Every structure is written in structure tokens, then in C-alpha cells.
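Asker: Would you be able to build a 3D model of this:
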Amino acid sequence: MPTVIQRLLSGYANSFNRRHRRHGHLFQNRYKSILCQEEPYLLELVRYIHLNPLRAGLVHDYGELCRYPYCGQSVILGKRERGWHDAAFVLQLFHKRSVTARRLYRQYVEQGIEQGRRPELVGGGLLRSYGGWAGVKALRRAGAYRKGDERILGEGDFVERVLAEAEEGFERRYRLAVKGFNLERAVNRVAEVLAMPAEEVLDSGKARRSVVARNLLSYWATKELGITQSELAKRLGLTQSAISLAVKRGAALIRRHGYSLERENDR
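Answerer: Below is the predicted model:
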């Protein structure tokens, strides 16, 4: 999704401006992705996002919203199909039978129309968890300083846990960088762990051993060394979607076999 949005905000916006002889930003606000705590905020966020066209006046009523082609609402209700849209994941939160799930989902979204704009659904779950800014200030007066981040939507404990994990990841990347770990060293480590020549690790072929090596390298490069998936895709001559899939498979490999980027004597 970030790649799609980047192209929309740059390539499309530039061509639109040239075509209409205009300058400046095409879209009102900058794009940001929010990490959402699945319970209890996911459904609230889905409903809020899918009601955007109605709040903006792009459609006249709820019935038109359910047929609107540029919103996920029509996909979840089965009126349109998009292979990349995981409507089933949302529907299974309502009922096991798709017909019943769609009916309950439609009712749920319709009930949210009267709520209007929801400023609290843009992240910063700690503010809501502690009763808004007044609650946060009261905690500070008592000497209890809590963490918050507008990129995270969830309860206070969830926000703190995510931030702690992010800080831990940053510290680990810094420590690895100090020790001289880079992509070349990760390639050599993959070759060592899988007992194969280092040049085969970078092979983009579909041989099983090469695929396993690529999966492991993709995980270590992105998650441990902080190399972006787009950058790694260019380095390996692959698509970003291929790298994304390789990272997931690499994570499963590490859970199964306990592989580590560092040797025992490196730690």
C-alpha cells in the first residue's frame, strides 16, 4: 500500500497538475499508515473509512455508497470484486455464513452514519484510554508520564508495547551496524547457515535451495538490518511483492529452525 500511495501522490499528482495547468499539492493531507489494535478498534476503523465518501458528499445516500466503485464498501458487500481486497477477513468477524455476515456488516456501517467525523480514529489511542488530554495531564501532574503516538490506534498498553518493540528493534539494528553487519555479511551468513555457496544466495531462480536462501536473506535484511523492501527488491532484481512474501516465509523459517543472523561468538 505505501508504494501505491507514493505513486498516487507523486506520479498521478504531477500528471494531473500538468494536465490542468495547476501547481501545489493535489491532496489535502499527507499519507500516513496507522498500526491498529485488532480488538476493539479494527471494525470501528473499517466503518469510519468506508463512510468517507458519504461524509464528503461524493455519494448522496447509503444505498449509493454501497454501490460506489471507489470504496471497499461495495467489495465487502459482494457488489464488486478485487483480488487484492481481503473482504472475507472483515466478514468473518460478523458471521461464518457470508450472506448473514454481509447483512450484519451493512447494518453495522449504517449505524455509524450519525456519528459524523471521529477525530479519535486517527491514532493516539493513549489519549482516549486516559480520558483525553485532561486525563493525560492529570497523570502527568501525578508524575505518571505515559507514551503516545498518533501512528498507533489502540489501548494504552497496546501502544506502549508497540513502541517498546520498535525501540528494541532500533537498538538491535544500531548494535548490528556497529558490528559491521551489512547486506554482504547477511548473504555470507545465509550461505553459512544453509551450507551453500554465497553466490547462490543471490540467485533469483526458483530452485528450492535458492528460494529458501532468499527468504532468509529478505527477513534478515529488512527486519534486522533495516533495509527497505523496495531497496532490497532493486538489489536482488525482484518485485517488492516478491520480497514481501519472502520476508513472511523467512520469519516462518526462523521460528521453525531458530536461525540467527549472529553467530554465538558475535553476540
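Asker: Could you use CA atoms for every contact and neighbour count after this?
Answerer: Will do.
Asker: which residues sit in contact with the residue nearest to residue 191 when sequence neighbours are not counted?
Answerer: Distances taken as C-alpha to C-alpha, 6 or more residues apart in numbering put residue 198 closest to residue 191, at 5.0 Å, once the chain neighbours are dropped. Residue 198 makes contact with 187, 188, 190, 191 under the criterion C-alpha atoms under 8 Å, 6 or more residues apart in numbering.
Asker: shouldn't the third one be in contact with residue 217?
Answerer: Yes - here residue 190 reaches residue 217: they are 6.4 Å apart, a contact under C-alpha atoms under 8 Å.
Asker: Touching both of the two, which residues are there?
Answerer: Common neighbours of residue 190 and residue 217, using C-alpha under 8 Å, 6+ apart, are residue 201.
Asker: and residue 204, how many neighbours does it have?
Answerer: Using other C-alpha atoms under 10 Å, residue 204 has 13 neighbouring residues.
Asker: meant to ask about residue 108
Answerer: By other C-alpha under 10 Å, 15 other residues sit near residue 108.
Asker: Any stretches of the protein with poor pLDDT?
Answerer: The chain contains residues with pLDDT under 70 at 1-11, 25-41, 116-175, 264-267.
Asker: the domain parsing of it - what is it?
Answerer: Annotated domains of the chain cover 34-119, 125-176, 179-266 [automatic domain parsing].
Asker: Quick check: which element contains residue 88?
Answerer: helix 87-91 (DSSP states H and E).
Asker: Beyond that helix, next helix or strand please.
Answerer: Moving toward the C-terminus from helix 87-91, the next helix or strand (DSSP H and E) is helix 98-111.
Asker: so what does that following helix touch, helix or strand wise?
Answerer: The helices and strands touching helix 98-111, judged by 3 or more C-alpha pairs under 8 Å, 6 or more residues apart in numbering; DSSP states H and E, are helix 38-50, helix 87-91.
Asker: what ranges do the strands span in the stretch 101-250 of the chain?
Answerer: 152-153 (DSSP state E, counting those that start in this stretch).
Asker: Take the contacts of residue 198 and lay them out in TSV including neighbour count and distance to residue 81.
Answerer: TSV is the format used below for the contacts of residue 198 (neighbours: other C-alpha atoms under 10 Å; distance: C-alpha to C-alpha, whole Å):
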residue	neighbour count	distance to residue 81
187	24	41
188	18	44
190	25	40
191	19	43
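Asker: List just the nearest of these to residue 229.
Answerer: Minimum distance to residue 229 across these is 15.8 Å, recorded for residue 187 (C-alpha to C-alpha).
Asker: What separation do you get for that closest one and residue 222?
Answerer: Look at residue 187 and residue 222: by C-alpha to C-alpha, to the nearest Å, they are 13 Å apart.
Asker: now swap in residue 82 and tell me
Answerer: Relative to residue 222, residue 82 is positioned 29 Å away (C-alpha to C-alpha).
Asker: cool, residue 189 as well?
Answerer: Distance from residue 189 to residue 222, by C-alpha to C-alpha: 15 Å.
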